[in-house]
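**Student:** sequence below, structure please.
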Amino acid sequence: MWSWLAIGLCALMSVISTKQSHLLQAQVFKSFTFVLLAILVSTQVITPVGSQWLCVGLIISMVTDWSLVSAKRLPLSFLGFVLAQVAYSLMFWSQMTQEVAWWPLAVLLAAGVVGFLLLLPKIDRLVFPVVIMGIVLIHLAWIAGEWWLQLPTFGNTLAIIAVLLLLFSSMAYLLNRHHKSVPSRYLWVMGGYLLAQILLTASLIYR
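**Tutor:** Residues are numbered from 1 along each chain as shown. Purely as a prediction, here's the structure:
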């Protein structure tokens, strides 16, 4: 209970610091959030393989978050984001015990293509990163959905909610940064992203 309170407080302080334009302070609190999540999952989860991949994803996300501070490191941060989502996907794959159905992936890909065509006028030069990010996130959503369909527990429900939050917040962040939208929108995006990480961790602990 106290661990979750500390994690929630760090995430909240990160959002508040960002709102007050204390960017360094916000980065520090975000890093504390990721570190506390990694410690929590490594000490309380009884499935070592899945927890290891989740810890890898959390650590990569933390490093990637720092690289976002500099515009010159955006390619590095994009690569880190992709690797983090791959680690989260491997977290689900490592626990699969049954064959997966491929039709949900086809449905998600079709929806992704429609969404891409609708966003095409807004993404300009971001076509390649949006496509790569979309493929990685669709794959993550598919395997998380498969995991939930095979075992619809409370923890797995948290996992699918976390992945959907991660999908929407990540795509919104990319578009928000490209078009330099209002800062208040970025606060919602960042809050959703941190909440997704917290729910993903909780899904392994309370499965």
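**Student:** going by C-alpha atoms from here, please, whenever you check contacts or count neighbours.
**Tutor:** Fine.
**Student:** pLDDT score for Ser61?
**Tutor:** Reported pLDDT at Ser61 in the predicted model: 91.
**Student:** cool, and Gln98?
**Tutor:** On pLDDT, Gln98 comes in at 80.
**Student:** got it, and Gly80?
**Tutor:** For Gly80, the pLDDT comes out at 87.
**Student:** and the gap between it and Cys10?
**Tutor:** From Gly80 over to Cys10 the distance is 22 Å, taken as CA to CA, to the nearest Å.
**Student:** can you get me a residue count around Ala159?
**Tutor:** Using other CA atoms under 10 Å, Ala159 has 28 neighbouring residues.
**Student:** whoops, I mixed them up, Ser89
**Tutor:** Residues near Ser89, counting by other CA under 10 Å, number 24.
**Student:** check the one 10 residues further on too.
**Tutor:** Glu99 has 8 neighbouring residues, counting by other CA under 10 Å.
**Student:** name the element it belongs to?
**Tutor:** Following DSSP states H and E, one finds Glu99 outside all helices and strands.
**Student:** do the same with Val189
**Tutor:** Per DSSP H and E, Val189 falls inside helix 183-205.
**Student:** can you list the buried residues in that helix?
**Tutor:** Within helix 183-205, the residues that count as buried by 16 or more other CA atoms under 10 Å are 186-187, 189-205.
**Student:** go on, stretch 96-110?
**Tutor:** Those buried within stretch 96-110 under the rule 16+ other CA under 10 Å are 105, 108-109.
**Student:** tell me which of those is nearest to Val86?
**Tutor:** Leu105 (16.0 Å; CA to CA).
**Student:** do I have it right that that closest one meets His139?
**Tutor:** Yes. Leu105 is within contact range of His139, at 7.3 Å (criterion: CA atoms under 8 Å).
**Student:** contacts only, for Val86.
**Tutor:** By CA atoms under 8 Å, 6 or more residues apart in numbering, the residues touching Val86 are 57, 136, 140.
**Student:** these in helices, which ones?
**Tutor:** Applying DSSP state H to the contacts of Val86, the entries found in helices are 57, 136, 140.
**Student:** what residues of stretch 34-47 count as buried?
**Tutor:** Within stretch 34-47, the residues that qualify as buried are 34-38, 40-42, 45, counting by 16+ other CA under 10 Å.
**Student:** pick the one among those residues closest to Leu119.
**Tutor:** Of all those, Leu119 sits closest to Phe34, with 31.0 Å by CA to CA.
**Student:** name the element the closest one belongs to?
**Tutor:** Going by DSSP H and E, Phe34 is in helix 23-44.
**Student:** what's the angle from that helix to helix 183-205?
**Tutor:** With axes from the mean of the first three to the mean of the last three CA atoms, to 10 degrees defining the directions, helix 23-44 sits at 10 degrees from helix 183-205.
**Student:** just the CA atoms of helix 23-44, as CSV, please.
**Tutor:** Extracted C-alpha coordinates of helix 23-44, given in CSV (Å, rounded to 0.1, in the frame of the first residue of the first chain):
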residue,chain,number,x,y,z
LEU,A,23,11.3,20.5,-16.1
LEU,A,24,14.3,19.1,-14.4
GLN,A,25,12.3,18.4,-11.2
ALA,A,26,9.6,16.7,-13.4
GLN,A,27,12.2,14.4,-15.0
VAL,A,28,13.6,13.4,-11.6
PHE,A,29,10.1,12.5,-10.2
LYS,A,30,9.4,10.6,-13.4
SER,A,31,12.6,8.7,-12.9
PHE,A,32,11.7,7.9,-9.3
THR,A,33,8.4,6.6,-10.6
PHE,A,34,10.0,4.2,-13.0
VAL,A,35,12.6,3.0,-10.4
LEU,A,36,10.0,2.4,-7.8
LEU,A,37,7.9,0.4,-10.2
ALA,A,38,10.8,-1.7,-11.2
ILE,A,39,11.7,-2.4,-7.6
LEU,A,40,8.1,-3.2,-6.8
VAL,A,41,7.7,-5.7,-9.6
SER,A,42,11.0,-7.3,-9.0
THR,A,43,10.2,-8.0,-5.3
GLN,A,44,6.5,-8.9,-5.5
